[in-house]
Structure formats: C-alpha cells, structure tokens
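Peer 1: how would this look folded up:
(one chain, ligands or ions: 2)
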Amino acid sequence: MDIQNTIQKLREELNLHNYNYYVLDNPTISDYDFDLKLKQLQDLENQYPEYYDESSPTQRVGGTITKNFKTVPHEYRMYSLDNSYSKEDLVEWEKRIQKVLGELPLEYTCELKYDGASISITYENGKLSRAVTRGDGFQGDDVTNNIKTIRSIPLQLKGNYPAKFAVRGEIILPFAGFEKMNQDLIEIGETPYSNPRNTASGSLKLKESAEVAKRPLDCLLYFLIGNELPFNSQYEGLKAARNWGFKVPKEAKLACNLDEVFQFIDYWNVHRHELPYETDGVVVKVDSFHYQDELGFTAKSPRWAMAYKFKSEQVSTKLNSISYQVGRTGAITPVANLSPVQLAGTIVKRASLHNADQIEKLDIRVGDTVFVEKGGEIIPKIIAVDLSKRPENSEPTKYITHCPECHTELVRGEGEANHYCPNFYGCPPQIIGRIQHFISRKAMDIEGLGGETVALLFNNGLVHNYADLYELTVEQILPLERMAQKSAENLVKGVADSKEIPFERVLYALGIRFVGETVAKKLAKHYKSIDALRQATLMDLVLVDEIGERIAKSVIDFFENNENVIIIERLKSYGVQFEVIEKINPNATVKLAGKTFVVSGVFELFSRDDLKKSIEDNGGKVGSSISSKTDYVVAGDNMGPAKLEKANKLNIPILSETEFMKLIS
Ligand code: AMP
Ligand code: ZN
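Peer 2: Ligands and ions are numbered 1, 2, ... in the order given. A predicted model of the protein is given here:
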C-alpha cells in the first residue's frame, strides 16, 4: 500500500480512538493496541518526515519548550459573566431583559459553570491553529503547544465546520486525576497541590509541553464564535460543537422559562457532587442569537448571560482537638478533630489545618466553633472561627515544639511552611513510612507484605529498617497476629523475589527525598551503579539532564548519612540490584564491526526495531540518514524514494532482508 495512505489511515484511526476514549468516555480498543498503533505511526513518521502533519495524533506527547509565552490579542473579546446568588436575582435579570426586548416568552440554555481556566481555541479549515488564555479579556497568552497535548481537544475536526471560528471552554483537572497527581507528590515527600483549578491553570503555563501531556487535563466547551456559524442559538451551537468532535457536557439543557431554569439549578445544587469535576454554579444564557444581539454587552459582560453561583456548602461545628501527624519524610501536618457533621453529602470528622501559619492566621483554638467548607480540595478545610461562641477561658493554640511520636525537637527550614522531625532513624512513623514506601508496588513490589504488616513487624521489634526485611525468617514471623504458615512463607518469598528488581526501582525504593520514579530512572541511567552515584558531587549531579539543585542536594545529604551507607551495603550483601544490568546477548558477534547501516522501509521477517537491534548485536552501527559514511542500506517494502535516490547516487549497496540475514548467519 501507498505509504502516505497508510499514514493517513493510521492517523484517522487513532483520532477516532482518542475521541471515543477522551470525549465519549467509551473506548473501543485496549490501551495496549492503541499504543502499538501509535508507535507504528510514530515509526512511519520518523522514517518519512515528508509526511509531517502538525495535527497528527503523535503530536499529543508534546516535546516543545516555551521560554516566554507570547501575548496575542483575542479576535473576539473574552467577556466576564455577571454573577447572581439567588433566584430573585434571576427574576430581576429577566425583567431587565424584557425591558429591552418586550414581554416575550424566552428560552434559556442552562449549563454548569465549570471551575477551571478559560481558553479560546481557533480552528482554521478544521485544524487547531491557535489557543490563547483569557488574560485580561482583550489579549492573552499563546499556549497552543501545551493545549495540543490535551487528548479531548480535537486537532482535526469532523463533519461540516465553518472555515474559521473560535471555540471557548474551560480547561479542568478532574478530581480523580488531581488526586492521582497528589498521590505521586506525596510519595516522593513533596507538598501536594491545593486545588484542581489552580493546578489546571498552572499547567497551561508550564514551559515543557511534554510535562503538560503527562497531566490528566480535560477541556469542556461551551461557546462558539465566528463570522459564519451555521446555527442561530446557543443550544444549537452546543450540538454543532459536539458533532465537530468537541467535548460538550451533556448536562446542558434548554429551559422554556425561568421556572425550568430554577429546576435545573435545584437539581445540580445537590447532584453536582456526583460529577467527576468541580463546578461552582450554573450559567444561564438567552438562547436565541437574535435576542443576544439586541441585548448586547455592558462594559464587562454580556447582558444575555448570567452566572448563578452555588453557595459553597458551609457548616459550623466544634473543634475538639488538634492532632499532629508525622509523614514518611518527617513533615508534620496538623489535623483538626471535629464533632461529626454532615457536609456536601458526607460526614466530616476531620479537617486539614495545613501548617502553623494557617492556625495562627485564623487564630484557631481547641474548643472553638469553626466554619468548615468543602472547596476544590477533597479534605474539607476550616475557613473561620465563630468568635461569638468562643469559650471565655480560651487560649491561643501553641504549636507543638516536639515530635508527638519520638519527642525530638522539631525544626523548620528557612521559608518552609512545615515543621519537620529531624529524627530520621529513630522516629517510628518515619521508619514505618519509609519501609512501606520501599515495599510499595512501584518500588520493590514485595508480594505478601502490606503496609499494616510492616507496622506490625516494626512494633514487634523484627525490623528497624528496610534492610532488616531480608533477614526475616518464617519462624520469626509466625507468632505475629493473624499470621499463618502460608502467609509467612509468602512474605519471605516475596522479599527474596525482590532481589530481581532492577536498579532504577531500587533507587526509587530507597526513599531519597525528591527522588521520584522519573528522577530515579534518570539517575540510574546516567550513573549505572549506586557506587558511581555516591561518588558524584553536587556539581556533577546538577549537570545531569533534569536534575536541579534541590534534588542534587537531597542525594548528597542522603549519602552523607552513614547509616544510609551501612544499610545500602547490607542490601548489597543480600543480592539487591545496585547496578544497571546491560542485557548480554548470547548471539552477539562482531561480524558487522566497523560497518554503518541505514534501515528503511517495511519488513516482513523483522520489525524495524529488531532489525536495528540485530545490527547492533553483531557489532554494526545504525545511522539515521544516508551519507557517504553509510556502508549498507537495508531496504524493505516502500523504501522512501528520496532515500533510494540518495543511496544510488552514493553507490551504497542496498540489501534485502534475506541478504542481510545471509550477512550475519
Ligand atoms: P467569572 O470568572 O466568575 O467572571 O466567570 C466567567 C467565567 O466562567 C468565564 O470566563 C468562563 O471561563 C467560565 N465558565 C465556566 N463554565 C462556563 C459556561 N458553561 N459558560 C460560560 N462561561 C463559563
Ligand atoms: Zn519524630
């Protein structure tokens, strides 16, 4: 088949799968098969750069770096919305409208007000051409490269779209993705993000689009604007946008009068908590474009639209006590213990107090009656104290000075929000937390051992650090609570099996502050062994791609602690992997030594990667483009015409797959 055609087919197919998955929430292909096809397309695009297309689904992974986002004017101004807080406000609004239009029956489109960062995206001839943040409404930042990584935003439209128009919507971070991001941060001992909206909005301005691509952002659309739109009302516009491939929430509804608007509001006031993303109100829009035109705009907002803000649910309850939790990294988190109270559909017993500054700022005291709110965060927070109910003998809260678990004096670094317990090796929750991290799935993945058992082992004096795990015996474990012969054996076997875990994951498992999965991979790849890493100076470390000073310092600190060094030596003696093992190929030869190959086309016997590997295994080198240094071209079907011409011109021998096989056999 014609290569261009194959590429085109793959792109269409992948676009459709992206659409099914990210817009319709209804995947029809396994992730594995999707990745396979994407890789196939990527390979073809690498091989035939002449068919590059900025709208290809391969462009979703990002890769651009923006130093400064360019400020650009909006072709159509991005207005704000007027706010209303009660049904009376909406009745008043309708009266104002009727003064202009006369007493007509009016239809309204009701939509949820999605809480994120607004965006305006221009499409030209069906292709995404530019995406700009709201900015001051007149001009915003060009964030096109970042926006293209968001899978639910079409790069290429479907159906009968106008030649040029802009679509507006909200970039959001659904709760599930937000929590996953925070979980990952907590795992490496970093402070979690405070709410989905700010995180979504911050994501748009990241310099590396590949980083944006990793974030589970989504885009919900609510408005089309342009010169020649093929419809006459907001509601029709939403339907058209949906047909062109945009994600327009199906919750939007057409109301025939204000009463139906109120029904919509009442319904979502309760049920919004069931949505997978944050909303902070309802937006009501006069449906007909004709009426919208007649109503026009005030200095700041359209007269034909109104936001109705949900009251963020608040309750008051009593603060019974403050407890202090110690994390794996020693960070102290104060937690408010409340008299249980119903809030936004759940019973709340605890609220986060963040840190000492927060307690001081709000002057929160035990015995106070406090107002609790559920905002963008999942854990509710205290927003104020009801001073009228403060007991007479109340005293300001004295933040703890010593660790609640090990009584060591706490420290607080310059500019740090949290207090820390510095007793790295003696503080039980830190020790247990570190071992729990060590055994976790992405680290040593020790089967047969869970977080609770770790605490049990520690509390019974059987382990004091993760190296001790490797000396556990079935006889030692058996007497523990709820431990049977089988589970004890599984635990010991699980620990032994973990000796096969590759170095990069061992490095992550050590729990060095700021060394998460990705950083561990980078360091392992660069240094190849723990000994080499240990020798590295601060200067060496910061020169490694993507390693900043903060990470580098943390690595140095880790090795300066002699106990860490002793533990690593012990782990080594048990056979845990502290070196990258380069896979040795038993079939390796030097038959192709000194020869450079270029691979082109599609093969029958080999995949392209296998072919390249086979060249390298036999001592040859693989080049990316044909030059005078090329010794052979291995060509499959559909070799690019430009390459063929070049090879002929330079008199480079062209081998078929079978000829290549003969060369190495
Ligand atoms: P505000 O920022 O409070 O002035 O509210 C106006 C903003 O609400 C707009 O700029 C949009 O970004 C956002 N918004 C969220 N959902 C909608 C919606 N369904 N229709 C219009 N605007 C919306
Ligand atoms: Zn402590």
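
Peer 1: show me the shaky parts of the chain.
Peer 2: 1, 187, 189, 345, 375-378, 583-587 (pLDDT under 70).

Peer 1: would you mind listing what in it touches ligand 2?
Peer 2: Within reach of ligand 2 by Cβ under 5 Å from the ion, the chain has these residues: 403, 405-406, 408, 421, 423, 427. (Glycine included, C-beta is placed from N, CA and C.)

Peer 1: highest neighbour count among those?
Peer 2: Across the residues of the chain next to ligand 2, the neighbour count under other Cβ atoms under 10 Å reaches its highest value at C421, namely 26 neighbours.

Peer 1: next up, the contacts around that one.
Peer 2: C421 sits next to 326, 330, 332, 403, 405-406, 408, 410, 427, 430 when contact means Cβ atoms under 8 Å, 6 or more residues apart in numbering.

Peer 1: residues near Y32, how many?
Peer 2: Close neighbours of Y32, defined as other Cβ under 10 Å, add up to 8.

Peer 1: near G426, how many other residues are there?
Peer 2: 15.

Peer 1: then I581?
Peer 2: So I581, with other Cβ under 10 Å, has 9 neighbours.

Peer 1: now it: how far from K662?
Peer 2: In this structure, I581 and K662 are separated by 32 Å, where distance is defined by Cβ to Cβ, to the nearest Å.

Peer 1: how about a markdown table for the contacts of C421, with secondary structure added?
Peer 2: Formatted as a markdown table, those follow (DSSP: H, G, I helix; E, B strand; the rest coil):
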| residue | secondary structure |
| --- | --- |
| V326 | strand |
| G330 | coil |
| I332 | strand |
| C403 | coil |
| E405 | coil |
| C406 | coil |
| T408 | coil |
| L410 | coil |
| C427 | coil |
| Q430 | helix |
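
Peer 1: okay, the residues you listed in a markdown table with distance to G116 next?
Peer 2: Putting the contacts of C421 into a markdown table (distance: Cβ to Cβ, whole Å) gives the following:
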| residue | distance to G116 |
| --- | --- |
| V326 | 34 |
| G330 | 34 |
| I332 | 32 |
| C403 | 39 |
| E405 | 39 |
| C406 | 42 |
| T408 | 43 |
| L410 | 37 |
| C427 | 40 |
| Q430 | 37 |
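
Peer 1: of all those, which two lie farthest apart?
Peer 2: L410 and Q430 (12.6 Å; Cβ to Cβ).

Peer 1: of those two, who's got more company?
Peer 2: In this comparison of L410 against Q430, neighbours counted by other Cβ under 10 Å, the higher total goes to Q430 at 25 against 21.

Peer 1: would you agree that one is in contact with A331?
Peer 2: No - with contact taken as Cβ atoms under 8 Å, Q430 and A331 are classed as non-touching, separated by 9.6 Å.

Peer 1: quick check: closest non-adjacent residue to I439.
Peer 2: In space, and not counting its chain neighbours, I439 is closest to I446: 4.2 Å by Cβ to Cβ, 6 or more residues apart in numbering.

Peer 1: which residues sit in contact with the one you found?
Peer 2: I446 makes contact with 439, 469, 491, 494-495, 497-498, according to Cβ under 8 Å, 6+ apart.

Peer 1: so how far does stretch 138-147 reach from one end to the other?
Peer 2: The stretch stretch 138-147 measures 20 Å between its terminal residues, going by Cα to Cα, to the nearest Å.

Peer 1: got phi/psi on L24?
Peer 2: Summarising the backbone geometry of L24 under the convention degrees, to the nearest 10, its torsions are phi -90, psi -10.

Peer 1: kindly report the same for P422.
Peer 2: In terms of degrees, to the nearest 10, the main-chain angles of P422 are phi -80, psi 0.

Peer 1: same question for E409.
Peer 2: For E409, the backbone dihedrals (degrees, to the nearest 10) come out as phi -70, psi 130.

Peer 1: centroid residue for this structure?
Peer 2: Centroid-nearest residue in the chain: R215, 2.7 Å away (criterion: Cα atoms, centre = their mean).

Peer 1: need the contact list for that residue.
Peer 2: So R215 contacts 173, 177, 181, 199, 203 (Cβ under 8 Å, 6+ apart).

Peer 1: fine by me, thanks again.
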